[in-house]
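Chemist: Just to be clear, the model below is a prediction. Sequence and coordinates:
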Amino acid sequence: MASATGLPAGSDAIVRVSGLTKTYPGDRKGHGGVLAVDGVDLAVRRGELVVLLGPSGCGKTTLLRCIAGLEQPARGEIRINGRTVYSSRDKVFVAPEHRHIGMMFQSYALWPHMTVFQNVAYPLASLEGMGKDDVRARVADVLERLGVAGLDHRYPGELSGGQQQRVALARALVGSPSVMLFDEPLSNIDAKVRRRLRRELRELKAQADFSGIYVTHDQEEAMELADTLAVMESGRITQLASGREVYEHPASLYVAEFVGEINRVQGRVETVAGNGATVSTPLGSLPVAGVPPGARPGDAGWLTIRPERIAVVPAGSAPPAGGPRFSGIVRDAIYFGARQELRFEIAGIAMTAWTAGRGPMGAPVRLGDAIDVTLPTDGLRWFPA
Ligand SMILES: Nc1ncnc2c1ncn2[C@@H]1O[C@H](COP(=O)(O)OP(=O)(O)OP(=O)(O)O)[C@@H](O)[C@H]1O
């Protein structure tokens, strides 16, 4: 939740951010100032990649730039590898080049007038006591690891988009930084290359064992790379947990809607027992497996279910048990190969289900087909409005 770093104080964190706040000034009259990061606490363990995920404008880049030392926060503290690099209380601000971090930012493109070798060797210039042969060996090693060996003498303009990204990653990794910071590093390349680079990055992380923070608004990318997901909303971290936990137990309606897709129906809590409840909805009174702590009878909110949790069979077949059943009508069916998206109505309410491309609904579905729908109780959640 908002104030939890996920780690007890004093435990082994390579990055620890406490109470970090960053505001951007407004116009000359002081109007329109923006609270971009709002009292964030975050800890990154050694070997952990934390992915900051959230919609445009929620403060991901600003938080990352504060950790990098590219922005001056208003308040709080940042420690990297046990050293305080920013503290508002103690008036500490360590310059970016002395934070021992590797950065791969969209805005930090390769220098076009330098060769691949010169670009990648550049961060080593600030490391003391490195001879020319050492530099050459380090650069060759990292280029080899990233599959771009042999391109040393080319200029960035002579590389493909994917090769440029690999070289940028090589430049970020060459100094063996204790922490890597990534800001949407793969967003400018085509989807296929992006998927490949993502997989490579995951493998590289396992080998090189770096720790870091990765900013994206791409959910799939977040799920693939994150050891821990930090979902951001309006300058705050609203949930910090594994991708599975965030998907299966979202902390709020905002998180449920942002990570994955949901169907939602308005509903008012009738009774609460433990984590479960009954909720009155236009579909009738439904049993629900998950309600947030503190929910009370009479509370208004939303009943939600993920599309893949809805069980759909042709009308007249035996519908699966496990929850209330409804008769529905297919309004659209889109075949994606591995899965099929069915848009249907039950009791006049539009919903979407994902069924396997093959299976009970694998045969071609026609608009207007009658279906039987089960909403499994353990897939139903209620969130306050
Ligand atoms: N230099 C700036 N001056 C004023 N406001 C800024 C500046 N940079 C960012 N902001 C504002 O701060 C808020 C957070 O912006 P930030 O770029 O951190 O969001 P983000 O989550 O990274 O978004 P995106 O995914 O679009 O990059 C936004 O409201 C943005 O308009």
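Modeler: Happy to help now that I have it. Numbering: from 1, shown residues only.

Chemist: Flag every residue of the stretch 201-350 of the chain that's near the ligand.
Modeler: Residues of the stretch 201-350 of the chain lying near the ligand by Cβ under 6 Å from any ligand atom: His217. Every residue, glycine included, has its C-beta placed from N, CA and C.

Chemist: Next up, the contacts around the closest residue to the ligand within the stretch 201-350 of the chain.
Modeler: Ranked by Cβ to the nearest ligand atom, the top residue of the stretch 201-350 of the chain for proximity to the ligand is His217, at 5.1 Å. For His217, the contacting residues are 53-56, 60, 184, by Cβ atoms under 8 Å, 6 or more residues apart in numbering.

Chemist: For the closest residue to Glu270 other than its chain neighbours, the count of nearby residues, please.
Modeler: Of all residues not flanking Glu270 in the chain, Thr278 sits nearest, at 4.5 Å (Cβ to Cβ, 6 or more residues apart in numbering). Thr278 has 18 neighbours, counted by other Cβ atoms under 10 Å.

Chemist: From Val167, how far out is Gly161?
Modeler: 11 Å (Cβ to Cβ, to the nearest Å).

Chemist: ok, those two, which is more surrounded?
Modeler: Val167 (25 against 14).

Chemist: What sits closest to the more buried one if chain neighbours are left out?
Modeler: Per Cβ to Cβ, 6+ apart, closest to Val167 is Val116, 5.3 Å.

Chemist: burial of that neighbour, as a residue count?
Modeler: Neighbours of Val116 (other Cβ under 10 Å): 26.

Chemist: I'd assumed Gly157 was in contact with it.
Modeler: No - applying Cβ atoms under 8 Å, one finds Val116 not in contact with Gly157, separated by 11.1 Å.

Chemist: residues from the stretch 1-150 of the chain in reach of the ligand?
Modeler: 24, 34, 36, 54, 56-62.

Chemist: Dump those residues to JSON lines, plus secondary structure, neighbour count and pLDDT.
Modeler: Formatted as JSON lines, those follow (DSSP: H, G, I helix; E, B strand; the rest coil; neighbours: other Cβ atoms under 10 Å; pLDDT from 0 to 100):
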{"residue": "Tyr24", "secondary structure": "strand", "neighbour count": "13", "pLDDT": "92"}
{"residue": "Val34", "secondary structure": "strand", "neighbour count": "14", "pLDDT": "90"}
{"residue": "Ala36", "secondary structure": "strand", "neighbour count": "23", "pLDDT": "95"}
{"residue": "Gly54", "secondary structure": "coil", "neighbour count": "26", "pLDDT": "92"}
{"residue": "Ser56", "secondary structure": "coil", "neighbour count": "7", "pLDDT": "90"}
{"residue": "Gly57", "secondary structure": "coil", "neighbour count": "13", "pLDDT": "91"}
{"residue": "Cys58", "secondary structure": "coil", "neighbour count": "23", "pLDDT": "94"}
{"residue": "Gly59", "secondary structure": "coil", "neighbour count": "23", "pLDDT": "95"}
{"residue": "Lys60", "secondary structure": "helix", "neighbour count": "26", "pLDDT": "95"}
{"residue": "Thr61", "secondary structure": "helix", "neighbour count": "21", "pLDDT": "94"}
{"residue": "Thr62", "secondary structure": "helix", "neighbour count": "23", "pLDDT": "96"}
